[in-house]
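Novice: coordinates for the following, if possible.
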Amino acid sequence: MQITLNIPDNLPVEMVKNYIHTIEMQIQLFSQTIAQTSNQAVQLRKLFKETQSLPSVACLTDEDIANEIEQVRNGL
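Specialist: Prediction:
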């Protein structure tokens, strides 16, 4: 699993503004952010599995997809 952590450019300024000066406090902030991101990834994966299990999704075949693409290309 890969997690991308988008850190705002102004994070060092925000840390100073919010009195997060020590390395320990910074590590704690990063750990909390990573935990939140990880939880969001778990929830998203769960949503994908639930969506994939829907009956309407299970009935979709490669032929159905090809037909829909052809209809879109033909402006239908």
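Novice: quick one, helices of this protein?
Specialist: If DSSP state H is used as the criterion, the helices of the chain fall at 11-17, 23-52, 55-58, 62-73.
Novice: of all the ones you listed, which one comes closest to residue 4?
Specialist: Among the helices of the chain, helix 23-52 comes nearest to residue 4, with 7.9 Å by CB to CB. Every residue, glycine included, has its C-beta placed from N, CA and C.
Novice: elements contacting the closest one?
Specialist: Secondary-structure packing of helix 23-52 (3 or more CB pairs under 8 Å, 6 or more residues apart in numbering; DSSP states H and E): helix 11-17.
Novice: phi, psi for residue 53 please.
Specialist: Main-chain dihedrals, residue 53, degrees, to the nearest 10: phi -90, psi 0.
Novice: where's it relative to residue 47, distance?
Specialist: From residue 53 across to residue 47, the span is 11 Å (CB to CB, to the nearest Å).
Novice: quick one on the thing from earlier: would JSON lines of the helices of the chain with distance to residue 4, mean neighbour count and mean pLDDT be doable?
Specialist: Listed next are the helices of the chain as JSON lines, based on distance: least, CB to CB, whole Å; neighbours: other CB atoms under 10 Å; pLDDT from 0 to 100:
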{"stretch": "helix 11-17", "distance to residue 4": "15", "mean neighbour count": "12", "mean pLDDT": "64"}
{"stretch": "helix 23-52", "distance to residue 4": "8", "mean neighbour count": "11", "mean pLDDT": "81"}
{"stretch": "helix 55-58", "distance to residue 4": "27", "mean neighbour count": "8", "mean pLDDT": "72"}
{"stretch": "helix 62-73", "distance to residue 4": "29", "mean neighbour count": "10", "mean pLDDT": "91"}
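Novice: spatially central residue for this protein, please.
Specialist: residue 41 (5.4 Å; CA atoms, centre = their mean).
Novice: any idea how far residue 47 is from it?
Specialist: As judged by CB to CB, residue 41 and residue 47 stand 11 Å apart.
Novice: try residue 40
Specialist: Applying CB to CB to residue 40 and residue 47 gives a distance of 10 Å.
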